[in-house]
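Trainee: This is a predicted model, with the sequence first.
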Amino acid sequence: MLAPREESSPSRPGAGTPAHSNGSDGFEPHPDPSAANPARTGQMKRSVSSADGLWRGMTSPRGILLLAVMISTILGFTRFNRYGESWDERLDFQYGEDSVRYYTANGRFWDEYGELRYYGPAYLAAAQTGSGYLRPVLPGWEVTDVRHLFNHLTFQVATVALYFLCRTFIGPWPSLLAALVFATQPLLFGHSFINQKDIPFMTGFLAAAALGFRLGLAPSERRPDTATDLRTDWSAASTRQRILFISLVLGTGAACLELLVLMKVALPALQRTVVAAYHGESISVFNRVFALLAQGADRLSPESYVEKATVLYMGFRWIVILAGFAATAISAGSLFRSARALVARASTHGLTWGLAGGVALGLTMSIRALGVAAAALVILVVLLNRNWKHLPGLGLFLLTAALTCYATWPALHGGAIQRFWESITIMSHYPWRGGVLYAGTIYQPQDLPLQYLPGLMAIQFTLPSMVLALAGVAITVRRAIGGNGRWAETLALLVWFAAPVATAILGDSTVYGNFRQFLFVTPPLFVFAGAAFEVLAARIRSAAATGLIAAAVLLPGILGIVRLHPYEYVYYNALVGGVSGAFRSYEMDYWCTSYREAMIWINQAAPADAEVAAAPPEHVAQNFARPDLQVFYAQTPEDLDGRQPVFGLACGRGNNDLWFFPESAVAHEVAIEGARLAVIRDLQRPDNEGQD
């Protein structure tokens, strides 16, 4: 196993110290100032010990992981972070911004966002808000780059979470290698900047599973009879304490009930009352209150007062609920003295893991409803381990997740269960009508061959990582069957990967954009890769040889990132001849991030006030265009409708660049390793040379 080698120390005092003579050489030994100062001697020893401890920490697996994460994070703050904008990026982040406004608006949400309402906004809202605060301190940055920074920071959390998930199965050094291999996959690294959809979901799913697995593995020490202690405390409490506690529980419960169920009744009733009071048509007490609070009401419309009342209502209800929970907790702590000891033992019994994992799970579900599958994995681990004492922690895990998801997903308000289920069913059969290029053929998303998902994973991850992953599956399963491994967690990893893939293959799910929607199923592959590396390192028994193998496993990914930047996500391995071999047979820049680089060229070449025809996503091209340029949608001469654009722009998704104004000459192209990602055609000059 790869491990730090400890420095050897002299076996006897004075070893390695030159002997001094008072004789013929004429040298006197230098006096040791610490010999006459014991306090200074102790101080020096502590200093050496502190430095040694710091060095050991920095060269430990966690220290190296932290260093790698810091380096990756620093890259995000440099000009390395100059990626193109992905297809739906601005629309997604606008949805996140509007989700934040929901909490200070009137709650009209579900029917206003079309298909976007089926996505949870938790990450988009947080990243959009954070970008607003960070952009002023990053002068000269495009808003796109600031958002990409947040995406990339989220991926660092995934790297750390993968390390701790690996530690459930294998030692620290193999876990470190697995995390580094994961972090240096060109496909994942590229997505970590440009993908505001699937990277946050993968991160949340991974974090929820890692924390949830810890819940199932937490120590199970024997507890006192908590129920008996609570009954004793209740009997000893005064009548006033009991009445106060019951009142708080009922009041907080009623507030939660209003939040979960009655908002569709209470909020419209409030709005109708405000309108009636505005016109003096409500009951007298409401009319008087409105007149007192809204003096000079004729200067504003009724709708303005409805919005003000809604803002106050929505803020007030959260204050009431949070205050109710706080007061109930304080009352319970005063009444049930044994509850204090229960809280003190919370981490021992998995409640801490349950709370932390529940928050992670809730946020994950509030990114994509499918995050609920992480809960199924955790339940599987807890039940198969038969760790019944952790059922309260599991309950807290699920309850916290449900509350977190509901609180951060406005579209669920007013019909949580129905809308959550609707989101799952709609998104599993998303109505996408484009073609998908795979193995040289363009398929409809519902007609993809059975090997589509596993086949793409095999050719888009680095070869060493996939070889180790396959070997690791066999090793881990064999250990579990033989009783030498964690069979419940191993089964959960297999289900994590296989169940979504099998469901997509057999259930006619809509799949497109290669396997980006399935990035969340890939972390188990790297856990298995780490397990294989652990066995390999144990057999080699040489730190130097193990280090060389680790470098060989990491090198293809690192080189791929360097070679393909800023289009790392188009990576293909040697099984299909690399990027150049996959070109025209597999999707490349399917999110058209190359439009940014293409527009830089057009901005320099186009005359003033020129028009540019662009294939979708033309709005991305417009975002990077000079202020005087007009970018409009066109893919055929018929789409021009009499306009005379100077240039035409198309990306290579589905080989669309081949039939985009093929009669016009190629003015410029954006390419990487021989693969054309985008083409710029001179629409004023015919193609007389047959450039395509």
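Mentor: All right, it came through fine. Remember, it's a predicted structure, so these values are computed and weren't measured experimentally.
Trainee: Now do the same contact list for residue 185.
Mentor: For residue 185, the contact set (C-beta atoms under 8 Å, 6 or more residues apart in numbering) comprises 461-462, 465, 557, 571. (Glycine included, C-beta is placed from N, CA and C.)
Trainee: These: which two are farthest apart?
Mentor: Maximum pairwise distance among those (C-beta to C-beta): 11.8 Å, between 465 and 571.
Trainee: Which of these two has more residues huddled nearby?
Mentor: Legend: neighbour count by other C-beta atoms under 10 Å for residue 465 and residue 571, higher for residue 571 (26 against 23).
Trainee: Number of residues surrounding the closest residue to the more buried one other than its chain neighbours?
Mentor: Of all residues not flanking residue 571 in the chain, residue 186 sits nearest, at 3.7 Å (C-beta to C-beta, 6 or more residues apart in numbering). Close neighbours of residue 186, defined as other C-beta under 10 Å, add up to 28.
Trainee: what about the strands in the stretch 301-450 of the chain?
Mentor: Under the criterion DSSP state E, counting those that start in this stretch, the stretch 301-450 of the chain contains strands at 436-438, 441-443.
Trainee: so what strands line up beside the first one?
Mentor: This means strand 436-438. As defined by DSSP bridges, the strand partners of strand 436-438 come to strand 441-443 (antiparallel).
Trainee: how close does the residue nearest to residue 120 when sequence neighbours are not counted get to residue 378?
Mentor: Nearest residue to residue 120 in three dimensions, chain neighbours excluded: residue 366, at 3.8 Å (C-beta to C-beta, 6+ apart). Here residue 366 is placed at a distance of 17 Å from residue 378 (C-beta to C-beta, to the nearest Å).
Trainee: which residues of the stretch 101-250 of the chain score low on pLDDT?
Mentor: Along the stretch 101-250 of the chain, the parts satisfying pLDDT under 70 run over 104-115, 216-227, 229-230.
Trainee: can you pull out the helices in it?
Mentor: Ranges of helices in the stretch 101-250 of the chain, per DSSP state H, counting those that start in this stretch, are 122-134, 143-166, 172-183, 186-194, 198-217, 226-236, 239-257.
Trainee: Output the third one as PDB - backbone C-alpha positions only.
Mentor: Taking only C-alpha atoms (Å, rounded to 0.1, in the frame of the first residue of the first chain), the coordinates of helix 172-183 have been written out as PDB:
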ATOM      1  CA  PRO A 172      -6.700   6.300   2.900                       C
ATOM      2  CA  TRP A 173      -4.100   6.100   0.200                       C
ATOM      3  CA  PRO A 174      -6.200   4.100  -2.300                       C
ATOM      4  CA  SER A 175      -9.100   6.400  -1.400                       C
ATOM      5  CA  LEU A 176      -6.900   9.400  -2.300                       C
ATOM      6  CA  LEU A 177      -6.000   7.900  -5.600                       C
ATOM      7  CA  ALA A 178      -9.600   7.200  -6.400                       C
ATOM      8  CA  ALA A 179     -10.500  10.800  -5.600                       C
ATOM      9  CA  LEU A 180      -7.700  12.200  -7.700                       C
ATOM     10  CA  VAL A 181      -8.600  10.000 -10.700                       C
ATOM     11  CA  PHE A 182     -12.200  11.200 -10.300                       C
ATOM     12  CA  ALA A 183     -11.100  14.800 -10.200                       C
END
